[in-house]
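Colleague: I would like the atomic coordinates for the input below:
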Amino acid sequence: MLYLRLTIAALFLIWGQLLSAQVLTVNTVTRPPFSMVEEGRDTGFSMELLKILAERLEWDYQVNRKNSFAEMLDGVRRGEADLAAANISITAAREVVMDFSHPIFESGLQIMVQADEVRQPSLMRALLSWDLAAAIGIAFLLLFGGGMLMWAVERRAQPYFDRPLKEAWFPSFWWALNLVVNGGFEERVPRTPVGRMFGVVLVVSSLFIVSVFVAKITAVMTVEAISGSVNSVNDLYGRSVGTIGGSTAAGFLDRREIDYSAYAGLEEMLTGFETGEVKALVFDAPVLNFYVRQGGHQYGHTIGQPFLRENYGLVFPAGSPLVEEVNRALLALQEDGSYDALYREWFGGRN
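Modeller: The predicted model follows:
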């Protein structure tokens with residue numbers, strides 16, 4: 001009996017050593033800032049997270065950088081790779097044939113448009129807009145009309161209005177303007193009952209006139225600030241749109257019945273955007289924003305907030321025994337602050 005126990009213990013020890021000596025195969029694809037090669041070294045948020053996990057779990061691994069996202073995932077699905085790491089969205093369809101770790105990053109989709117499609121707000125352009133000009137014109141007409149009406153009522157009772165018509169237009173307008181802005185002149189109070197009632201009406205209505213005028217200026221400036229040919233997903237219909245075929249962004253565009261050009265990979269998609277083949281891209285928000293920060297701002301800008309929130313995870317073959325130990329390690333990284341430190345290194349502070 002003792003011999004049997006020693007034999008079993010020895011077998012478990014040998015099996016553990018074999019597992020620890022195993023070199024794991026990790027598939028990835030170039031998707032800055034999650035996976036890329038810099039100075040001959042694999043780096044990026046997902047790859048650095050993988051490195052930390054490997055140190056915690058005492059793994060040895062080798063990276064196979066694939067040419068496409070589909071090739072990366074197919075290798076995992078067929079069991080040719082032990083796991084994959086990049087910006088891999090956790091979806092129901094993928095979960096059917098593969099296993100995911102706990103989420104490692106919260107993301108979403110975003111729109112990027114050509115640089116000349118984004119117009120910076122201009123105060124001068126807003127002031128010269130037809131909407132604002134119309135609002136100013138109406139305000140002047142109301143002030144002029146109110147002043148002249150007060151002149152007609154008060155010219156025989158209030159000395160300020162006691163002047164001929166050809167000389168009364170500007171003083172009357174000036175009186176109405178000061179009434180709206182400053183509440184009127186103490187020494188120029190209307191003296192007739194009709195004039196006083198009309199003066200009260202002007203003071204009360206001036207509150208609405210000023211409010212509407214300010215609101216109009218704000219509205220014009222807001223429209224000026226966001227006035228581009230594409231401001232939201234609804235503006236993509238009939239536009240020249242691009243994304244990567246088979247991605248979650250492509251699935252979103254399919255569901256919204258938005259026509260798009262499907263590119264094989266990230267490099268091809270960005271090249272098509274830079275050369276003007278497409279005027280807008282829909283893809284993962286952190287990938288597009290990283291591209292803009294790394295010099296892509298000369299070609300385009302992201303607009304709006306990320307939408308269709310999704311989580312990234314590490315992906316394993318179905319039934320992989322590695323999933324549970326990776327999940328425990330991920331929880332430990334989040335609890336001891338290691339994950340937050342890595343996040344800040346790549347993306348700054350977390351909201």
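Colleague: And the residue nearest the centre of this protein?
Modeller: Centroid check for the chain by C-alpha atoms, centre = their mean gives Q305 as the closest residue, at 2.4 Å.
Colleague: How confident is the prediction for that residue, by pLDDT?
Modeller: Looking at Q305, its pLDDT is 90.
Colleague: can you pull the pLDDT of the closest residue to it other than its chain neighbours?
Modeller: Once flanking residues are discounted, Q305 sits nearest to Q110: 7.7 Å by C-beta to C-beta, 6 or more residues apart in numbering. All C-beta atoms are positioned from the backbone trio N, CA, C, and that covers glycine. If you check Q110, the pLDDT there is 96.
Colleague: Equivalent analysis for L57, please.
Modeller: pLDDT, read off for L57, is 96.
Colleague: is it true that it touches L330?
Modeller: No: in this structure, L57 is not within contact of L330 by C-beta atoms under 8 Å, at 10.6 Å.
Colleague: Name the residue in the two with the higher neighbour count.
Modeller: Using other C-beta atoms under 10 Å as the criterion, L57 and L330 rank with L330 on top: 22 against 15.
Colleague: Would you confirm that that one contacts F105?
Modeller: No: with contact defined as C-beta under 8 Å, L330 does not reach F105; the gap is 11.2 Å.
Colleague: Look up the residues forming beta bridges with K66.
Modeller: Beta bridges link K66 to V29, judged by DSSP bridges.
Colleague: Hmm, it is touching V29, no?
Modeller: Yes: the criterion here is C-beta under 8 Å, and K66 meets it with V29 at 5.1 Å.
Colleague: Now for the two: what residues contact both?
Modeller: Residues touching both K66 and V29 by C-beta atoms under 8 Å, 6 or more residues apart in numbering: M72.
Colleague: In terms of packing, which of those two has more residues around it?
Modeller: Between K66 and V29, counted using other C-beta under 10 Å, the more crowded position is V29 (24 against 19).
Colleague: Tell me how far that one lies from Q298.
Modeller: 25 Å (C-beta to C-beta, to the nearest Å).
Colleague: And A168, by the same measure?
Modeller: Between A168 and Q298 the distance is 60 Å, computed by C-beta to C-beta.
Colleague: which one of those two has more residues nearby?
Modeller: A168 (20 against 9).
Colleague: Could you list every helix and strand in contact with the stretch of helix or strand the more buried one belongs to?
Modeller: Following DSSP states H and E, one finds A168 within helix 165-182. Using 3 or more C-beta pairs under 8 Å, 6 or more residues apart in numbering; DSSP states H and E as the contact test, the elements touching helix 165-182 are helix 130-154, helix 193-226.
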